[in-house]
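J.: give me a 3D structure for the following:
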Amino acid sequence: MSIVFRLSRWAYFLFIITFTTVILFIVGFALHQLHQDTISNSFLVAETHARSFEDALTQTLKITELLAINSLNPNTEHWQGSQGLDQINDNLSTALIHTPFLRSLSMLQDNRIVASSNPNNLGHTVITHDYLPTETRHDELLRIGTPWFGRDIAEGYPSSPFNPIPGDALALIPITRTLPNRNAELSLLAAINPDFFINHITRALPLGEGIVEIVRLDGILLLSTDPNQQPGAISPATAQMDRLTQRSIGHLTYAAADDRLFLSTYRVSSLYPLAVIVHLDRNHALQNFDRAAQTLLLVVTPTLVIFLLIASLYRRRQEQLAQQRDEAERLQKINAAQVFTHASEGIMIIDAEGRIFDVNTAFTTITGYERNEVLGRGLGLLKSEQHDQQFYQNLWSELLRDDHWQGEIWSRRKTGDQYAQLLNISVVRDRWGKVRNFVALMSDITERKHHQQQLEFTAQHDVLTQLPNRFLFADRLNTAMAQAKRSQHRLVLAYLDLDGFKAVNDTFGHAAGDQLLVTVAQRIQGAIRQGDTLARLGGDEFALILLNVEEDQEILLLFQRILAMANEPVWFNQQALQVSASLGITFYPQTQDINSEQLLSQADQAMYQAKQAGKNRFYYFGSH
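T.: As a prediction, the model looks like this:
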């Protein structure tokens, strides 16, 4: 009989092991396939983004080529002379009006600018020997240069892998297009605005989900949506993409310098010597897989445990179950007492009348109250001033209805200090459903809340001036435009650029320049109303959103005051730093429906007109 029993027991254990192994293998295989499918789908998403961005970029460059042909070809045979140059200048300026992706258009003769939409560019020499593709004499090619520092050719200079452009600095991308001409070596020079493409790309692929790079085929980074990358440097990603010149598209897993993993896809332009590289954050891409895996495990694990428990119960005798139940209850009481005493979370047991029945040591550490100070007292001694009576009424209503409540709440310590608390309350009922006790678990999350607030502020504000950055500004501008359109109240948008700021940086150093930016920002912030917005877009460029301004005289006085503030000297190490400001102003709503990028472009163009008119002034968009 004992031999039969031993054989039965071994067969039982063999069945349990085999069944468990099969279930785990099936789950593991399913998770593996799901993981592979998620990776494959993520690569398809990255490939779709790369194709979309490459198509948009190629179309933009194609438009630039057409501008070169339409703006200059009718005039390039007989362009010499002031009248011919004036006509070309007019053509270039006209072509620039509806091309927010361009900073300027110029005509080169033997690498020297002889005509331009920006008069400040005239006479500047632009060396193009390192542009791609390599120039073949008399070929009509569009060639791409390395990124330049500065907003335009006049105030800029080229970068190099040894002197790349900081991510938050103004930059441009020069491209040239050779023009057919029998009498002279002529080409169109276009200053591409990288911010236009970055804004377009980040709307489709936010920074938290991935990064997009545009590189030349020699590895030079032209632009990136990652502000930590430096245009002009060799893109680290291209070191793993040695097939850029061999294949038009490819996939790989890319490890960044900070050890983050990306699912990357590159696509080479069919017409131009550049490639678009899309890096999808691997952790973000696998979020759906993680959720699906957790759901699967949450289903399979309890099911497997229940099956094993039922099999075990079937195997045992009734008396053995009773003995185990008694032993389990005894151990449970011991463990519960140990958990209550030594738990890191504060535990509070409350009776049915809402009086404190018992607390553990962690409760004393968090609140500052000793155990004998709170026993028998109501919960009112822990209430803070952050919540009204309605909040507590809703809390107790949900608790009694659902037998559980969890959330964040502000409480008060014995010292009177308020702190953030993660509170989890459960109802303990007797066999007839009557409330016997409430058990509350609490954790102090004050530091975590403060850290979260700091992270949110840093992501949306300029580190130097503490003003809203470009991303928060764009969100506020879209909101303000929607409100203005709905209420038909006028919105004023101003684009401000400091005149002479580069000279301050070059003469007195970047510390002086930073002090100048902070002081000017503080002055302007003090001049506007509380509901208006002043943001730093980058470098020495700022933007203003003024809401519900109906009186023209009020606008005139405000911007005169801002110009005067910008002209006031800023003292740094007993040196007076002197700059001025040029402002471009536009209004919304307008006759034609436009978006926020077009509205900002209008203000930018008006600011540029103010600079052309002599600086230290403001200019309304569309005025002559």
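J.: OK, contacts around the spatially most central residue of the chain?
T.: Closest to where the C-alpha atoms of the chain average out (CA atoms, centre = their mean) is Leu207, at 4.2 Å. Leu207 is in contact with 225-226, counting by CB atoms under 8 Å, 6 or more residues apart in numbering. Placement of C-beta: from N, CA and C, glycine included.
J.: ok, Gly354 next?
T.: Gly354 touches 378-379, counting by CB under 8 Å, 6+ apart.
J.: would you mind measuring from it to Ala440?
T.: Relative to Ala440, Gly354 is positioned 11 Å away (CB to CB, to the nearest Å).
J.: and for Val305?
T.: With CB to CB as the criterion, Val305 and Ala440 are 29 Å apart.
J.: these two: which is more packed in?
T.: Between Val305 and Ala440, counting by other CB atoms under 10 Å, Ala440 is the more crowded of the two (22 against 10).
J.: partner strands of the one helix or strand that one maps to and their direction?
T.: Secondary structure assigned from DSSP states H and E places Ala440 in strand 435-444. Neighbouring strands of strand 435-444 in its sheet, by DSSP bridges, are strand 346-351 (antiparallel), strand 418-429 (antiparallel).
J.: next helix or strand past it?
T.: In N-to-C order, the element after strand 435-444 by DSSP H and E is helix 446-460.
J.: now that following helix: average pLDDT?
T.: Averaging pLDDT along helix 446-460 yields 80.
J.: against which helices or strands is it packed?
T.: The contact analysis (3 or more CB pairs under 8 Å, 6 or more residues apart in numbering; DSSP states H and E) places helix 446-460 against strand 418-429, helix 470-487.
J.: can you list the ones you listed in a markdown table and add mean pLDDT?
T.: Below are the helices and strands packed on helix 446-460 laid out as a markdown table (pLDDT from 0 to 100):
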| stretch | mean pLDDT |
| --- | --- |
| strand 418-429 | 87 |
| helix 470-487 | 91 |
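J.: buried residues in stretch 35-47?
T.: 38-39, 42-43, 45-47 (16 or more other CB atoms under 10 Å).
J.: what is the mean pLDDT for that stretch?
T.: On average, stretch 35-47 scores 86.
J.: repeat that for stretch 50-68.
T.: 84.
J.: relative to the whole chain's centre, how far out is that stretch?
T.: 25 Å (CA atoms, centre = their mean, to the nearest Å).
J.: same deal with stretch 525-538?
T.: So, by CA atoms, centre = their mean, the centroid of stretch 525-538 is 21 Å from its chain's centroid.
J.: quick check: which ranges of the stretch 251-400 of the chain have low pLDDT?
T.: 317-342 (pLDDT under 70).
J.: quick one: the helices in it?
T.: Using DSSP state H, counting those that start in this stretch, the helices assigned to the stretch 251-400 of the chain run over residues 282-285, 287-315, 318-342, 361-367, 371-374, 389-402.
J.: list the helices and strands the fourth one packs on?
T.: Helices and strands touching helix 361-367, by 3+ CB pairs under 8 Å, 6+ apart, are strand 346-351, helix 371-374, strand 435-444.
J.: tell me which of those lies nearest to Ala362.
T.: Ala362 lies closest, by CB to CB, to one member of the helices and strands packed on helix 361-367: strand 346-351, at 4.4 Å.
J.: can I get that closest one in PDB, CA atoms only?
T.: Below are the C-alpha coordinates for strand 346-351, written out as PDB (Å, rounded to 0.1, in the frame of the first residue of the first chain):
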ATOM      1  CA  GLY A 346       2.700  54.500   8.500                       C
ATOM      2  CA  ILE A 347      -0.300  52.400   9.600                       C
ATOM      3  CA  MET A 348      -3.300  53.700  11.400                       C
ATOM      4  CA  ILE A 349      -6.300  51.600  12.700                       C
ATOM      5  CA  ILE A 350      -9.500  53.600  13.100                       C
ATOM      6  CA  ASP A 351     -12.600  52.400  14.800                       C
END
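J.: so what touches it?
T.: 340, 356-360, 362-363, 365-367, 379, 437-444.
J.: buried stuff in the helix or strand hosting Ala115?
T.: Per DSSP H and E, Ala115 falls inside strand 112-116. Buried residues in strand 112-116, counted by 16+ other CB under 10 Å: 113-116.
J.: ok now it, how far from the chain's centre?
T.: With CA atoms, centre = their mean, you get 39 Å for strand 112-116.
J.: tell me the mean pLDDT over the very next helix or strand once past it?
T.: Using DSSP H and E, the next helix or strand after strand 112-116 towards the C-terminus is strand 142-144. The average pLDDT for strand 142-144 rounds to 90.
J.: which other residues reach strand 142-144?
T.: 61, 64-65, 128, 131-133, 135, 173-178, 216, 222, 271-274.
J.: ok, stretch 407-420 next?
T.: By CB under 8 Å, 6+ apart, stretch 407-420 touches 366-369, 373, 381-387, 395, 421-423, 442, 444-446, 448-449.
J.: any of those residues buried? List them.
T.: Buried among the contacts of stretch 407-420 (16+ other CB under 10 Å): 366-367, 369, 382-384, 395, 421-423, 442, 444-445, 449.
J.: now render the helices and strands packed on helix 446-460 as a markdown table, adding distance to Thr265.
T.: Formatted as a markdown table, these follow (distance: least, CB to CB, whole Å):
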| stretch | distance to Thr265 |
| --- | --- |
| strand 418-429 | 41 |
| helix 470-487 | 25 |
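J.: to Leu85, which of those lies closest?
T.: Using CB to CB, the helices and strands packed on helix 446-460 put helix 470-487 closest to Leu85, at 36.7 Å.
J.: packing partners of the closest one?
T.: helix 446-460, strand 491-499, strand 533-538, strand 541-547, strand 580-588, helix 596-612.
J.: how far out from the middle of the chain is the helix or strand that the fourth one is followed by?
T.: Think strand 541-547. The helix or strand immediately downstream of strand 541-547 is helix 552-567, counting by DSSP H and E. Centroid separation for helix 552-567 versus its chain: 33 Å, with CA atoms, centre = their mean.
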